[in-house]
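Participant: From the sequence below, what's the structure:
(one chain, ligands or ions: 1)
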Amino acid sequence: MKATKIHKIEITPTQIKLHEPFVISKGALTHARNTVVKIYNSDGIYGVGECCPYRSIHGETQTGTIAFAKDLAEALIGADPREIHKHVALMDRMIVGNASVKCAFDMALYDLVAKMDGLPLYAFLKGDRDKIIYTDNTVSLLDKEKMVEKAIIFKEMGFPVLKIKLGERGYTRDVERMEAIRSAVGEDLPLRIDANQGWNYLDAKRALYSMKDLNLEHCEEPIMAGNTVDQARLTADSFIPIMADESVFSHKDAYKVLSQHAAHLINIKLGKSGGICNSMKIAAIAQAADVYCQTGSFSESRLGITALVHFDMAWDHILYHDLDSPLMLSEDPVIGGMTYHKDWQVTVDDTPGHGADFDPAFLKRFETLEIK
Ligand SMILES: [Mg+2]
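Facilitator: Below is the predicted model:
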């Protein structure tokens with residue numbers, strides 16, 4: 001095998017305005033302030049990764065990711081890009097947490113090495129090219145009337161499933177929201193909910209019981225992440241399946257949550273685990289426990305979500321797909337990559353790597369840091 005080394009790494013902070021603020025129980029987001037990492041090998045081939053540090057979820061900011069990215073880049077220069085597991089372990093040793101910035105590096109490495117092998121990323125990950133994936137679309141946490149209006153618009157746009165943001169303390173207004181949405185969209189449209197840790201145990205217990213006849217697929221993160229004792233009590237009692245999201249960043253979290261029966265399902269996001277390598281471990285732990293998963297996102301562009309779709313294709317127990325973040329952005333700066341079809345099926349093609357790249361004109365708008 002021809003020897004090659006990591007020759008150069010470019011780090012670019014980007015900014016894209018959202019069509020409208022994205023509101024969850026933890027607050028509103030108006031712009032995707034993402035960080036792009038490009039890793040070049042000594043033959044001039046490069047891979048691209050992206051992360052979306054979400055301060056109320058990761059505790060990371062764009063400024064922080066840039067500072068750490070510089071350190072990570074300096075540590076990786078001169079290394080063999082193929083040794084991805086070693087590089088991921090090095091990043092995990094160098095910096096605790098900070099999954100978001102590590103994800104951008106991991107994604108760029110997978111893109112680069114799959115390109116070097118001439119394989120689309122799903123094939124590099126031994127995935128199934130025929131797996132059929134549809135995305136949901138997400139309704140922000142707003143007044144009931146506005147949420148109903150959005151849900152109807154998304155139904156008319158043909159989305160096969162909607163995800164509804166909830167998590168207001170006191171829970172009763174959340175139940176009213178869901179009753180109104182279910183009545184407006186009819187009985188047949190699948191709905192899933194996400195409280196983003198907004199309820200406490202009692203709120204969650206009452207909310208889930210009150211909504212048990214609304215035919216909901218599952219509820220993400222009803223109460224505070226890390227409270228495994230109450231999560232296990234809720235999981236045991238709830239008619240609506242509980243999905244761990246903020247509770248499962250790493251594969252270690254996945255082991256803890258599943259071994260303590262603190263969720264029925266896991267939401268896997270590359271930006272929580274530090275990228276594809278560690279997300280593969282989470283998927284494997286869930287598979288060992290015979291637990292279904294979802295793929296989810298922060299506010300990545302179509303590039304980050306393209307990598308996620310390739311990952312999704314490698315696992316047949318990932319049944320749910322929340323791949324809507326690019327739809328919330330006011331511009332699409334990505335060339336190639338995934339396609340959204342009219343019925344909201346999502347596909348990728350056979351371009352080597354993940355197949356997506358940023359338009360150079362877009363990246364030129366921002367200041368790029370270069371490490372050699
Ligand atoms: Mg969630």
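
Participant: Going by C-alpha atoms from here, please, whenever you check contacts or count neighbours.
Facilitator: Fine.

Participant: Just the residues contacting the helix or strand of the chain with the lowest mean pLDDT, thanks.
Facilitator: Ranking every helix and strand in the chain by mean pLDDT, DSSP states H and E puts helix 55-58 at the bottom, with a mean of 86. Helix 55-58 is contacted by residues 26, 61, 98-100, 246, 272 when judged by CA atoms under 8 Å, 6 or more residues apart in numbering.

Participant: switch the cut-off to 7 Å
Facilitator: Contacts to helix 55-58, defined as CA atoms under 7 Å, 6 or more residues apart in numbering, come from residues 26, 61.

Participant: again, but for stretch 348-364
Facilitator: 48, 111-112, 114-115, 118-121, 303, 306-307, 310, 333-339.

Participant: repeat for stretch 310-317
Facilitator: By CA under 7 Å, 6+ apart, stretch 310-317 touches 121-122, 125-129, 131, 276, 287, 292-293, 295, 318, 354.

Participant: So which of those residues sit within helices?
Facilitator: Under the assignment DSSP state H, the contacts of stretch 310-317 contribute 121-122, 276, 287 to helices.

Participant: that older thread, please list only the buried members of the contacts of stretch 348-364.
Facilitator: Those of these that meet the buried threshold are 48, 111-112, 114-115, 119-121, 303, 306-307, 310, 333-334, 336-338, by 16 or more other CA atoms under 10 Å.

Participant: returning to what we had before: filter the contacts of stretch 310-317 down to the buried ones, PyMOL style.
Facilitator: Selection of buried members from the contacts of stretch 310-317 for PyMOL, criterion 16+ other CA under 10 Å:
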select buried, resi 121+122+125+127+128+129+276+287+292+293+295+318+354
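
Participant: Mark out where each domain of this protein begins and ends.
Facilitator: Using automatic domain parsing, the domain ranges for the chain come out as 6-119+358-371, 124-352.

Participant: And Val229, how far from Gln260?
Facilitator: Note on Val229: its distance to Gln260, by CA to CA, to the nearest Å, is 8 Å.

Participant: Next: Leu142.
Facilitator: Leu142 is 34 Å from Gln260, by CA to CA.

Participant: Ok, Arg82 next?
Facilitator: To Gln260, Arg82 is 36 Å away according to CA to CA.

Participant: which of those two has more neighbours?
Facilitator: Set side by side, Arg82 and Gln260 show more neighbours around Arg82, with 18 against 13, by other CA atoms under 10 Å.

Participant: Let me see the contact set for that one.
Facilitator: Per CA under 7 Å, 6+ apart, neighbours of Arg82: Val113.

Participant: part of a strand, is Cys219?
Facilitator: Yes - according to DSSP: H, G, I helix; E, B strand; the rest coil, Cys219 belongs to a strand.

Participant: ok, what's across the strand from it?
Facilitator: For Cys219, the beta-bridge partners are Ile193, Ile242 (DSSP bridges).

Participant: one step back: and the contacts of stretch 310-317, which is closest to Arg177?
Facilitator: Nearest to Arg177 among the contacts of stretch 310-317 is Thr295, at 25.0 Å by CA to CA.

Participant: low-scoring stretches of the stretch 201-350 of the chain, by residue?
Facilitator: Nowhere does the stretch 201-350 of the chain drop to pLDDT under 70.

Participant: For it, just list every one of the strands.
Facilitator: Assigned by DSSP state E, counting those that start in this stretch, the strands in the stretch 201-350 of the chain fall at 216-220, 242-244, 265-268, 293-295, 318-321, 334-336, 339-340, 346-347.

Participant: related to what we said a few turns ago, so which of the buried ones among the contacts of stretch 348-364 are in helices?
Facilitator: By the criterion of DSSP H, membership of these in helices covers 111-112, 114-115, 121, 303, 306-307, 310.

Participant: For Arg206, grab the count of nearby residues.
Facilitator: Residues within reach of Arg206, counting by other CA under 10 Å, total 17.

Participant: Setting aside sequence neighbours, what's the nearest residue to it?
Facilitator: Ranked by CA to CA, 6 or more residues apart in numbering and with sequence neighbours excluded, the top spatial neighbour of Arg206 is Tyr171, at 7.7 Å.

Participant: Does the one you found touch Ala207 like I think?
Facilitator: Yes - if you go by CA atoms under 7 Å, Tyr171 and Ala207 touch, sitting 5.8 Å apart.

Participant: before we move on, back to that, pick the one among the ones in helices among the contacts of stretch 310-317 closest to Ser238.
Facilitator: For these, the nearest to Ser238 is Gln287 (22.1 Å; CA to CA).
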